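Engineer: Take a look and give me a structure for this.
(one chain, ligands or ions: 3)
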Amino acid sequence: MGLTEPKVVSGPSGYVLEDVPHLSDYIPDLPTYHNPLQDNPAYSVVKQYFVHVDDTVPQKVVVHKDSPRGTHFRRAGPRQKVYFESDEVQAAIVTCGGLCPGLNTVIRELVCGLHHMYGVTRVLGIEGGYKGFYSRNTIALTPSSVNGIHKRGGTILGTSRGGHDTNKIVDSIQDRGINQVYIIGGDGTQKGASVIFEEVRRRGLKCSVVGIPKTIDNDIPIIDKSFGFDTAVEEAQRAINAAHVEAESVENGIGVVKLMGRDSGFIAMYATLASRDVDCCLIPESPFYLEGPGGLYEYIEERLKENGHMVIVIAEGAGQELLSASMESDKKKDASGNKVLLDVGLWISQNIKDYFAREKTLAITLKYIDPTYMIRAVPSNASDNVYCTLLAQSAVHGAMAGYTGYTSGLVNGRQTYIPFYRITERRNNVVITDRMWARLLSSTNQPSFIDVEVSNKDENGKNSLDQLADGHCLEGTLVDENGSISTAIAC
Ligand SMILES: Nc1ncnc2c1ncn2[C@@H]1O[C@H](COP(=O)(O)OP(=O)(O)OP(=O)(O)O)[C@@H](O)[C@H]1O
Ligand SMILES: O=P(O)(O)OC[C@H]1O[C@](O)(CO)[C@@H](O)[C@@H]1O
Ligand SMILES: [Mg+2]
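Structural biologist: Numbers count the residues shown, from 1 in each chain. Ligands and ions are numbered 1, 2, ... in the order given. Here you go, the predicted model:
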């Protein structure tokens, strides 16, 4: 049996539905049942509580008069009919990858949603990430055992990197009689969930495989943002404030704050925009250089002369090419195959100190603050808690309705079911030719470090900004101080 074919349905005026798999696609004659929510006094009074079978959500809300209706995803929510009886369900929950505020809230709401909405009492927690399926015991999760966990950071189930052995995981799913798996994690985790789904389908198991996107870096595409992102940005303000206080209290003070963001600089960008005290934000997507005209040192000198102090926010993945060139790193990988990053915060702080010691233009005082793990180990804030609740409940409705092979996610403010292949096909990055980065540059007044030459018209005579609005990719040329040229793609 080959990989699942994408279920793409076309309609009039360029309407496209990128649908998600359903258990009935590969298991014939599955019985359906009356949704127990119809008898639940909380929901039965709500008009149109059940999602219409044809409800879909557009991927793009910015459209032109003549543009096609474009891609849509299935709207999440409860269906009139379900494919599981309450006492038939044996659910399992696992958390994988790095921590993110809100993990415990999602666990809690999955357990409570299953229990209170669908009468499901058998929910297992898989401990320690993917490898926990085959190397650890499970723990029984009940509404009372998860009560209050949303007030704690981390994950009560534990997490890990590496250890994804598809066959062993699916053997464990089969042996334990698990028929709904809720997999909470980032881009790597969703790739793992996708191969678990394929193997479950190959074996013909009646088991819904559901991904719940968790990414503090916000590097998962399609979705509006990950749960926990707002909390992390808020927590980062504390470090930026401290850096600002330290910097403005001394002559020529510089505060450097390193924030998370392996390949995507969203936390640094949003924390900078939120703070307004930041003079320079460096992210992986925007290459920078230190020496010479237009370089970082020149800008620091200008800012200090002008303002007497400055704050630099740097994402951990920024400038890695500069560091590895100077440190001859051996490109180590973690257990999941992610590149282990060198400490750019320490490196840049040392370089700035060395520069001013060498040049003797200004006597600076630099303080380096590294709050990286602090911003992801905190409990989620109120708005992320609400987000986690809706996300978890949507995931449960989909599994009960027999959908599988999907990631539950917020698209343009609506809960949707997105097929795994759309989640795993690319990474979400800050587009430096997009308006948000321009807003940041205009708020900090930092140099862009690049000369972006983007042609205004493509071969069809279409304006490049229109392309951005359409969600198409746009190519630009980046020229660094040495005249080296690279290509930037904005999607
Ligand atoms: N291509 C893949 N196929 C199967 N499993 C994968 C794949 N990539 C990663 N995984 C598994 O997914 C789990 C989590 O991956 P990873 O450590 O990359 O974190 P993540 O989910 O991307 O989260 P984050 O990067 O936000 O911390 C690991 O157990 C890893 O083995
Ligand atoms: O030290 P750990 O647990 O591998 O996690 C670090 C990485 O996890 C993330 O928080 C999420 O991928 C990154 O920002 C960071 O590089
Ligand atoms: Mg990842």
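
Engineer: Can you name the residues that contact the closest residue to Leu23 other than its chain neighbours?
Structural biologist: Of all residues not flanking Leu23 in the chain, Gly402 sits nearest, at 4.5 Å (Cβ to Cβ, 6 or more residues apart in numbering). Every residue, glycine included, has its C-beta placed from N, CA and C. Counting by Cβ atoms under 8 Å, 6 or more residues apart in numbering, Gly402 touches 22-24, 30, 32, 82-84, 208.

Engineer: cool, Leu30 as well?
Structural biologist: 23-24, 83, 206, 402.

Engineer: Quick check: residues of the stretch 101-250 of the chain near ligand 2?
Structural biologist: Applying Cβ under 6 Å from any ligand atom, we find that the stretch 101-250 of the chain lies next to ligand 2 at 186, 216-217.

Engineer: Pick out the most distant pair among the contacts of Leu30.
Structural biologist: Ser24 and Lys206 (9.9 Å; Cβ to Cβ).

Engineer: how near is the residue nearest to Ile27 when sequence neighbours are not counted to ligand 1?
Structural biologist: Spatial nearest neighbour of Ile27, excluding adjacent residues (Cβ to Cβ, 6+ apart): Lys206 at 5.8 Å. Look at Lys206 and ligand 1: by Cβ to the nearest ligand atom, to the nearest Å, they are 23 Å apart.

Engineer: List the contacts of Lys206.
Structural biologist: Applying Cβ under 8 Å, 6+ apart to Lys206 gives the contacts 23, 27, 30, 179.

Engineer: Out of those residues, the closest to ligand 2 would be?
Structural biologist: Nearest to ligand 2 among the contacts of Lys206: Asn179, at 30.1 Å, using Cβ to the nearest ligand atom.

Engineer: Torsion angles phi and psi at the closest one?
Structural biologist: Phi and psi for Asn179, reported as degrees, to the nearest 10, are phi -120, psi 0.

Engineer: distance of the residue nearest to it when sequence neighbours are not counted from Lys258?
Structural biologist: With Cβ to Cβ, 6+ apart as the measure, Cys207 is the residue that lies nearest to Asn179, at 4.7 Å, once sequence neighbours are left out. Taking Cβ to Cβ, to the nearest Å as the measure, Cys207 falls 42 Å from Lys258.

Engineer: I'd guess the residue nearest to Ile27 is in a helix, am I close?
Structural biologist: No. Assessed with DSSP: H, G, I helix; E, B strand; the rest coil, Lys206 is coil; it does not lie in a helix.

Engineer: Make a markdown table out of the residues of the stretch 101-250 of the chain next to ligand 2 and add secondary structure, pLDDT and neighbour count.
Structural biologist: Converted to a markdown table, those look like this (DSSP: H, G, I helix; E, B strand; the rest coil; pLDDT from 0 to 100; neighbours: other Cβ atoms under 10 Å):
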| residue | secondary structure | pLDDT | neighbour count |
| --- | --- | --- | --- |
| Gly186 | coil | 97 | 23 |
| Ile216 | coil | 94 | 28 |
| Asp217 | coil | 95 | 29 |
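
Engineer: Now do the buried residues in the strand or helix carrying Leu322.
Structural biologist: Per DSSP states H and E: Leu322 is located in helix 320-327. Neighbour-count burial for helix 320-327 flags 320, 322-323 (criterion: 16 or more other Cβ atoms under 10 Å).

Engineer: Just list what that helix packs against, helices and strands only.
Structural biologist: Packing partners of helix 320-327 (3 or more Cβ pairs under 8 Å, 6 or more residues apart in numbering; DSSP states H and E): helix 344-359.

Engineer: For Thr95, which non-adjacent residue is spatially closest?
Structural biologist: Among residues not flanking Thr95 along the chain, Thr155 sits closest, at 4.3 Å (Cβ to Cβ, 6+ apart).

Engineer: pLDDT score for the residue in the stretch 301-450 of the chain positioned nearest to ligand 1?
Structural biologist: Of all residues in the stretch 301-450 of the chain, Ser336 sits closest to ligand 1, at 3.2 Å by Cβ to the nearest ligand atom. Here, the pLDDT recorded for Ser336 equals 94.

Engineer: Roughly how far does the residue nearest to it when sequence neighbours are not counted sit from Leu390?
Structural biologist: Residue nearest to Ser336 in three dimensions, not counting chain neighbours: Arg161, with 4.0 Å by Cβ to Cβ, 6+ apart. Relative to Leu390, Arg161 is positioned 28 Å away (Cβ to Cβ).

Engineer: same deal with Cys96?
Structural biologist: 21 Å.

Engineer: One more: Arg108?
Structural biologist: Arg108 sits 13 Å away from Leu390, going by Cβ to Cβ.

Engineer: higher neighbour count, those two?
Structural biologist: When Arg108 and Leu390 are compared for neighbours, Arg108 comes out ahead with 24 against 17, by other Cβ atoms under 10 Å.

Engineer: mind checking the SS state of that one?
Structural biologist: Recorded secondary structure, Arg108: helix (three-state DSSP).

Engineer: ok, it touching Asn147?
Structural biologist: Yes. Here Arg108 lies in contact with Asn147, judged by Cβ atoms under 8 Å, at a distance of 7.5 Å.

Engineer: which residues of the stretch 351-491 of the chain score low on pLDDT?
Structural biologist: Scanning the stretch 351-491 of the chain for pLDDT under 70 picks out 451-491.

Engineer: How about the contacts made by the residue of the chain found nearest ligand 3?
Structural biologist: As assessed by Cβ to the ion, ligand 3 sits closest to Gly186 within the chain, at 3.8 Å. For Gly186, the contact set (Cβ under 8 Å, 6+ apart) comprises 96-98, 100, 213-215, 217, 219-220.

Engineer: Correct me if wrong: the residue nearest to Asn179 contacts Ile178.
Structural biologist: Yes. If you go by Cβ under 8 Å, Cys207 and Ile178 touch, sitting 6.3 Å apart.

Engineer: ok, and does stretch 91-99 reach over to ligand 3?
Structural biologist: No. Figure legend: stretch 91-99 not in contact with ligand 3 (Cβ under 5 Å from the ion); closest approach 5.7 Å.

Engineer: Mean confidence (pLDDT) on that stretch, please.
Structural biologist: On average, stretch 91-99 scores 98.

Engineer: So what's the gap between it and the chain middle?
Structural biologist: The chain centre lies 15 Å from the centre of stretch 91-99; the measure is Cα atoms, centre = their mean, to the nearest Å.

Engineer: What of stretch 168-185?
Structural biologist: Chain-centre distance of stretch 168-185: 23 Å, with Cα atoms, centre = their mean.

Engineer: How about it and ligand 1, touching?
Structural biologist: Yes. Counting by Cβ under 6 Å from any ligand atom, ligand 1 is contacted by stretch 168-185 at Gly185.
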